[in-house]
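In: This is the structure alone, sequence omitted:
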């Protein structure tokens, strides 16, 4: 398994734009054979922080996810609102 | 550094009880000399899932945190609402 | 009854240290009035995964177990070898 | 997700026959699109107790697993050695 978290610090007041676009991408991703979890979280005391917790069966399954059009479109959309992004691997 | 995430699946409709108790504990914890982050997150599409992302300067700093009365009281309070809990270490 | 399982992913090659310490703690715990089961399991194809399956007469009986010195000592010992831990409740 | 554990009490000295047959069935099952976990565990102080911890994306995914020939063959094989079997659902 390949599990990681992505912490995004957003430009103020942009979070809801991302969340409005998230649901269909989550539905499609969760149907991928190699996707175990693809969950999004909002910080309880910072409205401009988002965390994605993603788990795939393998690094290859994550790469396949990254190559899908819906993934590319979603990343291009939310990237325009980032101030910073941290990618961290969870020990398994 | 010692960084980890705790994912809690809650009994239905108990999340807000925990969040109502969280703010003063977060304020106290963030004042600890060894605390780097002590942030809470709610899942965007499951109201019964909570994630705590915690970072301490060392394992010893986390142990000191766990020995404080406000920590013990907060854990005893939220534990009564758990269905499951996962503790995972973040690779640093 | 209060029955749950704890799944522990260990740092490599630490399992036998925990198992060497387990037998006397199991003997003491099984003598508790409120303990119904306190059994440990090793994964057949991952030497670094341990499962504890525990059943107590009530949540209160489990809390009493957690307050005993032998329990606290055993937890402090095995915690130092964890990569991740999942606590899950079994439907009764 | 649909997660459960199966605890099997075996006729004495039959465990190794089951484990010798397990690896190829685990490999096939883990390749199922709907399989999240299919792990086997042995009790540290009872050589005649086995636990299977299984997680599927849905009840339907588990039903599909049960209809495969390799699953039917494996169940028919290990069932002949059972003294008792307990099936328990894990709360999610």
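Out: Cool, got the structure. Treat the numbers as computed from the prediction; the structure is a model and nothing was measured. Numbering: from 1, shown residues only, chains lettered A, B, ... in the order given.

In: Only C-alpha atoms from now on, for both contacts and neighbour counts.
Out: OK.

In: With adjacent residues omitted, what lies nearest to residue A:28?
Out: Computed as C-alpha to C-alpha, 6 or more residues apart in numbering or on different chains, the closest residue to residue A:28 that is not its neighbour in sequence is residue A:70, at 8.0 Å.

In: Assign a three-state SS to that neighbour, would you?
Out: What DSSP: H, G, I helix; E, B strand; the rest coil gives for residue A:70 is helix.

In: Neighbours of the residue in chain A that chain D sits nearest to, how many?
Out: Residue of chain A nearest chain D, by C-alpha to the nearest C-alpha: residue A:33 (5.1 Å). By the measure other C-alpha atoms under 10 Å in any protein chain shown, the count of residues near residue A:33 is 16.

In: Could you do residue A:66 as well?
Out: Neighbours around residue A:66, by other C-alpha under 10 Å: 14.

In: Quick check: nearest residue in space to it, chain neighbours excluded?
Out: Leaving out its chain neighbours, the residue that sits closest to residue A:66 by C-alpha to C-alpha, 6+ apart is residue A:72, at 6.6 Å.

In: pLDDT score for the one you found?
Out: You'll see residue A:72 listed with a pLDDT of 98.

In: Same question for residue A:92.
Out: As predicted, residue A:92 sits at a pLDDT of 87.

In: pretty sure it is touching residue C:12, no?
Out: No: Residue A:92 is not in contact with residue C:12 according to C-alpha atoms under 8 Å; the separation is 10.9 Å.

In: who has more neighbours, those two?
Out: A count of neighbours by other C-alpha under 10 Å puts residue A:92 above the other of residue A:92 and residue C:12, at 16 against 13.

In: dump the residue contacts of the more buried one.
Out: A:1, A:2, A:3, B:88, C:9, C:83, C:84 (C-alpha atoms under 8 Å, 6 or more residues apart in numbering or on different chains).

In: Try it again at 10 Å.
Out: For residue A:92, the contact set (C-alpha atoms under 10 Å, 6 or more residues apart in numbering or on different chains) comprises A:1-4, B:88-91, C:9-11, C:83-84.

In: Also residue A:64?
Out: Taking C-alpha under 10 Å, 6+ apart, we find residue A:64 in contact with A:32, A:34, A:35, A:58, A:71.

In: circling back to that earlier point, need the overlap of contacts for residue A:92 and residue C:12.
Out: residue C:83.

In: report the longest helix in chain A, please.
Out: helix A:15-30 (DSSP state H).

In: contacting residues around that one?
Out: Counting by C-alpha under 10 Å, 6+ apart, residues outside helix A:15-30 touching it are A:8-10, A:35-42, A:47-50, A:56, A:65-66, A:68, A:70-71, A:73-75, A:77-79, A:81-82, B:44-45.

In: Of the residues you listed, which qualify as buried by neighbour count?
Out: Among the contacts of helix A:15-30, those buried by neighbour count (16 or more other C-alpha atoms under 10 Å in any protein chain shown) are A:8-10, A:35-42, A:48-50, A:56, A:65, A:70-71, A:78, A:81-82.

In: Just the ones of those in helices?
Out: Checking the buried ones among the contacts of helix A:15-30 against DSSP H, those in helices are A:65, A:70, A:71, A:78.

In: Tell me what residue A:2 is bridged to.
Out: Using DSSP bridges, the beta-bridge partners of residue A:2 come out as residue A:56.
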